[in-house]
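# sharing a model that was predicted from the sequence below.
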Amino acid sequence: MEIWAHRGASAVAPENTLAAFQAALLAGADGIELDVQLTRDGVVVVIHDETLERTTDGSGFVREKTWAELARLDAGRWFHPDFRGERVPRLEDVLTWARGTNLKLNIELKNAPFPMPGLEETVVALLHRHDLVERTVLSSFNHESVRRLRRDHPEVRAAILSVARLFDPCRYLAAIGGADLHPYYLTVSPELAAHAAACGARVRAFTVDRPEDIRLLQAYGVHGVITNRPAEARQALLAVS
Ligand code: G3P
Ligand code: MG
């Protein structure tokens, strides 16, 4: 079962920074999950919240700022003084770094509830430019966006994020054009794992940190777990292998 570091190894380093992605690599993660949004001037940046206050020393909405304004912010000090000087990365910065690793990438488009026109196209163009399409899965809670991705860029793997339990997920995924399933981990059952496997959909459950839950999901046959603690997840899996 694959281990995906949620926002990087975000239990030990500030989320969605190069420090967190480097920590995920050192922890033995198979992949990293990261959140992306567009700035006012169309740059794809890696940050979770719609606003800057929680994870930077800035304020206001990400989508109302230019890249030049975001580039000045500190994105590490809120987490711990040792991380002072960490920046909000552009997706381009992460892709350049990731090319030198074997990590897989799960890029979550933060285009729900705000649609962010152009985000899908810009992200896909960057993936092609960095030759990282093969290692990447795009995901979103905005299922219209996933549908557009499947229609316009069938070469790119895509997944729907869900919190609710889904009725007949294979029919839903087929209607979207073929996608993987990234469900909230408490909604995953052996039946869901088997159902998804029957239609070729990979299941990657989020966000799961407790070793006993990780082992249970492995027993259910899910393809991956998205965790804040990739080192502990690796230990949990080693303990049963
Ligand atoms: O992609 C899985 C997970 O990151 C979805 O929720 O809010 O942590 O981005 P969130
Ligand atoms: Mg996310």
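Thanks, I have it. Ligands and ions are numbered 1, 2, ... in the order given.
# where does the closest residue to ligand 2 within the chain fall, secondary structure wise?
Of all residues in the chain, residue 108 sits closest to ligand 2, at 3.9 Å by Cβ to the ion. All C-beta atoms are positioned from the backbone trio N, CA, C, and that covers glycine. Element membership of residue 108 [criterion: DSSP states H and E] is strand 104-109.
# tell me the contacts of the residue in the chain that ligand 1 sits nearest to?
Nearest to ligand 1, among the residues of the chain, is residue 206, at 3.7 Å (Cβ to the nearest ligand atom). Taking Cβ atoms under 8 Å, 6 or more residues apart in numbering, we find residue 206 in contact with 6, 33, 161, 182, 183, 184, 185, 225, 226.
# what bridges to residue 6?
residue 33 (DSSP bridges).
# residues contacting the most centrally placed residue in the chain?
In the chain, the centroid-proximal residue (Cα atoms, centre = their mean) is residue 33; its distance is 2.9 Å. With contacts defined as Cβ under 8 Å, 6+ apart, residue 33 is in contact with 4, 5, 6, 7, 106, 108, 206, 226.
# could you list the low-pLDDT ranges of the protein?
241 (pLDDT under 70).
# how about residue 205, nearest residue that isn't a chain neighbour?
residue 185 (4.0 Å; Cβ to Cβ, 6 or more residues apart in numbering).
# contact partners for the one you found?
By Cβ under 8 Å, 6+ apart, the neighbours of residue 185 are 205, 206, 207, 208, 213, 217, 225.
# now distance to residue 56 and secondary structure too, for those residues, in TSV please.
TSV is the format used below for the contacts of residue 185 (distance: Cβ to Cβ, whole Å; DSSP: H, G, I helix; E, B strand; the rest coil):
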residue	distance to residue 56	secondary structure
205	29	strand
206	23	strand
207	21	coil
208	27	coil
213	31	helix
217	33	helix
225	28	strand
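# buried members of those into PyMOL, please.
The buried residues among the contacts of residue 185 can be selected in PyMOL (16 or more other Cβ atoms under 10 Å) with this line:
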select buried, resi 205+206+207+208+213+217+225
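# tell me the span between the first and last residue of stretch 209-226.
Stretch 209-226 stretches 8 Å from its first residue to its last (Cα to Cα, to the nearest Å).
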